[in-house]
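In: my questions concern the predicted model and sequence given below.
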Amino acid sequence: MPEATLKVFRSKGDTNTFETYKVPIEDGMVILDAIHYIQQHYAPDLAVRWNCKAAKCGSCSAEVNGKPSLMCKTRMDDFTTGEEITVEPLRTFPLVKDLVTDVSWNYQVNKKIPPFTTNDNGEWVIYQEDIERVQEFRKCIECFLCQDVCHVLRDHDRKDAFMGPRFLVRTAGLDMHPKDTLNRSKYVKEQGGIGLCNITKCCSEVCPEEIHITDNAIIPMKERVVDQFYDPVTMFLNKIFNNKKKLV
Amino acid sequence: MSENQNYETHECDVLVIGAGGAGLRAAIEASAQGVSVALVCKSLLGKAHTVMAEGGIAAALANVDAEDNWKTHFRDTMLGGKMLNNWRMAQLHAQEAPLRVKELEHWGAVFDRTKDGKILQRAFGGHTYKRLCHVGDRTGLEMIRTLQDRGIHQGIDVYMECTITKLLKDGDRISGAFGYYREDGRYVLFQAKAVILATGGVGKSFSVTSNSWEYTGDGQALAYEAGADLIDMEFVQFHPTGMVWPPGVRGLLVTEGVRGEGGILRNTNGERFMFKYIPEANKKDFAETDEEAARWVEAAVNGQKTDARRPPELSTRDNVARSIYTEVKEGRGSEHGGVYLDISYQDPERVKKKLPSMYHQFKDLADVDITAQPMEVGPTMHYIMGGIRVDADTQASRVPGLFAAGECSGGMHGANRLGGNSLSDLLVFGQLAGAGAANYAKSLSSTPSVSNEQIKSAIDDLEEPFKADKNVNPFDLHKELNQIMSTYVGIFREEEDLRTGLEKLNQLKEKIKHASSSPNKIYNPGWHLCRDLQHMMISSEAITRGALNRKESRGAHSRLDYPATDPEYGKCNTSIFQQGDEMKVEMTPCPEMPCELKELFEKKH
């Protein structure tokens, strides 16, 4: 049986190293299978998060050969025979152990976003064409790969000022819901730090759900902020026609 | 929170264990009733098994088929469950599911729409009408995200990556729960007036399963050890369509939505075999020819009415799973030991739109383009119908203060669950459990006290694998358990196999006492598995004993040595409980259905 060589990030007390493991390859095997093999045969204490193994829950995010990836979706046969495969934790978040990081910051950011709000308690009539965009955003499985790759969070560590692509997508999904009554422009400008994003599209590239994060969520939200706060014509029209969405 | 040298302590009125659909809905309800709520989950929030649910949520909204109503949904559910269901649960479920779905929509869930702007519904096995509200094939994700975002703004305290290993009692009644954080192994005590178990299923006892690592039967085991009884544990659902190739994804779910949208099952000879497996009594409801089935699909795709009857692939899950198993066993299987499921005859763009995650799953993991080629599928352990016995209206178990909802509870689905009835179950009974537990907590005049002795024994139990004399790899033990259950307690069962299985489980129980782990408590999966195995053993033994005891075939329980359905067994639920150190099995009479509901099964429909 052919073998693969994996270099897996291991934390031992205060020191971190890469340990090399040999794993037999089966047809259709993915990185997560190899990690489980290592766990079962060599290192029962190897820490890894996973749940569905079907790219639906977004738990098994890691950096494989430097690329933010879902381990359950990254196939061993994507690599050439004999190539060493490195598996590391997400680098943007604090390390817990081995491949597990502390992603709790994301949950704190999510909790602050003004929630879905509606004043229509009747039977809803919503047409499919009006929700296509929102449904695209709601495909998000919260793997946080977009957060991991975002240079504002990764290189500049601006978790204090920037909510990151995941939560711009989430906010856009709320604002664009046909029955939602809030306008979150002020929120994404002041709390979310949307101005810090300079649309390099790295987030869109790593999204396993292929959500057009930059084009469909971030840029339209930036435009809303501009309309709301910097465009005198829209500002004037909003005043006259009393835009029905409440600004938060 | 107060600190003790060994563990941290939290106090709440209601503790919810499990944060899938049922746990989240229960927590939201309890919190809305004004009690303090703590919600504990083994994974990160929003990752629970509910995200895996694909096809939809069953509710008689009658948006697509105007004839639908709760009575038909109730009738379908009872017939699907071979009349073993708790009738009151099935009634509440059918009546309240539409309310819960609309509520979810008003909390921000974005369902697919009909042309006139209502929630779109699709066909599924065993449902008379098109009844499954859905979002493509990622309905569960939509549901969990909506509940999660609702829950976090309601003042619920969430404790993530936390495993509960023991329920605590003050005399007869519940007083809290004890466990550990996965992250660093620190111990945690929850003092609670009421506990709601919403921990899901038991799939990790089987080798081929659609379930994730979390499904280790924690709720069933915790309740059993606390004195509750489990019912109908022998009824284990094998979903007919799991992936069979490549090996790494064996068992991964292929949604019933594929068949709901017109997917055709064929054996290696190209025969559409489901025609020959439709039970005589149901033949009148199913198409008899390819042509008739094709007309039904055509009408369904275009949202039109038709006099054609449904395709035979939409028979109930128990029947389709057995049919596939039989085809493979008799040598008519596909290359990798499954059968073919084909939707490639439809417009590729429609397939991608209606089944996006199936399209990606097969393309990314199996190099199969489902818009051009058939899929290879076979049965995979998916769900357990049995579980903790609860009161239908409050979800209370027989232990005061202990409630259960969702997959870990039993009764609702009888001998076989219809697809789509699980997501609705989570919402309906999650809500009822939340209300039931909140009311109970409010009714207590004093807070039950926790016993230090019970806490100490929970800690000792957790630290057992660190002892020097332990020497067995828990992953090997887990594999052994999987082999036992899949070999001896699978789709088709018989006396001798079940007895062998039970004997092997007993031997394994001894070995598990020697499960060993390095004493590192920081995120140590080997250590976690040592404890999980104990829970898995309880549900595995209960399934096996229940299966041995029920000498008939009914729904998902198929005995080769007792192939007929026996009306006498149909009057009884299997009850399993602890007496001393022994697991006891007793048959208890099913609750009697009132006359006005019985009439629904006498009338010609």
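Out: Done, it's in.

In: okay, CA-based contacts and neighbour counts for the rest of this
Out: OK.

In: domains for chain B, by residue range?
Out: B:242-381, B:455-563 (automatic domain parsing).

In: which single residue in the stretch 51-200 of chain B comes nearest to chain A?
Out: As assessed by CA to the nearest CA, chain A sits closest to B:Gly117 within the stretch 51-200 of chain B, at 4.5 Å.

In: might you report the residue contacts of that residue?
Out: A:124-128 (CA atoms under 8 Å, 6 or more residues apart in numbering or on different chains).

In: what's the PyMOL syntax to select whichever of those are buried?
Out: Selection of the buried residues among the contacts of B:Gly117 in PyMOL, burial being defined by 16 or more other CA atoms under 10 Å in any protein chain shown:
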select buried, chain A and resi 126+127+128
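
In: which ones among the contacts of B:Gly117 also lie next to chain B?
Out: Filtering the contacts of B:Gly117 for neighbours of chain B using CA under 8 Å from any CA of the partner chain leaves A:124-128.

In: sec struct for B:Ala194, please.
Out: The local conformation at B:Ala194, judged by DSSP: H, G, I helix; E, B strand; the rest coil, is strand.

In: actually B:Thr9, not the one I wrote
Out: Judged by three-state DSSP, the three-state class of B:Thr9 is strand.

In: for it, give its distance to B:Tyr187.
Out: In this structure, B:Thr9 and B:Tyr187 are 9 Å apart, going by CA to CA, to the nearest Å.

In: look at the two and report which has more neighbours.
Out: Legend: neighbour count by other CA atoms under 10 Å in any protein chain shown for B:Thr9 and B:Tyr187, higher for B:Tyr187 (23 against 15).

In: report the beta-bridge partners for that one.
Out: When bridges are taken as DSSP bridges, the partners of B:Tyr187 come out as B:Tyr7, B:Tyr180.

In: quick one: stretch A:28-42 near chain B?
Out: Yes - counting by CA under 8 Å from any CA, contacts between stretch A:28-42 and chain B involve A:28-30, A:33, A:40.

In: so who does A:Arg138 touch?
Out: A:Arg138 makes contacts with A:170, A:173, B:142, as judged by CA under 8 Å, 6+ apart.

In: run the last query once more with 7 Å
Out: Listed by CA atoms under 7 Å, 6 or more residues apart in numbering or on different chains, the contact partners of A:Arg138 are A:Gly173.

In: look up phi and psi at it.
Out: phi -80, psi 0 (degrees, to the nearest 10).

In: where does chain A dip in pLDDT?
Out: A:241-243 (pLDDT under 70).

In: related to what we said a few turns ago, distance to B:Leu61, secondary structure and neighbour count added to the residues of stretch A:28-42 next to chain B, as TSV?
Out: Rendered in TSV, the data for those read as follows (distance: CA to CA, whole Å; DSSP: H, G, I helix; E, B strand; the rest coil; neighbours: other CA atoms under 10 Å in any protein chain shown):
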residue	distance to B:Leu61	secondary structure	neighbour count
A:Gly28	42	coil	19
A:Met29	43	coil	22
A:Val30	41	strand	23
A:Asp33	42	helix	23
A:Gln40	48	helix	19
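
In: turn those residues into TSV, including distance to B:Gly81.
Out: Conversion of the residues of stretch A:28-42 next to chain B to TSV gives the following (distance: CA to CA, whole Å):
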residue	distance to B:Gly81
A:Gly28	37
A:Met29	37
A:Val30	38
A:Asp33	36
A:Gln40	39
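
In: ok, so of the residues you listed, who is nearest B:Gly331?
Out: Here the nearest of the residues of stretch A:28-42 next to chain B to B:Gly331, counting by CA to CA, is A:Gly28; it sits at 24.7 Å.

In: what's the nearest residue to that closest one if we skip its chain neighbours?
Out: Closest residue to A:Gly28 in three dimensions, ignoring its sequence neighbours and counting by CA to CA, 6 or more residues apart in numbering or on different chains: B:Pro246, at 5.0 Å.
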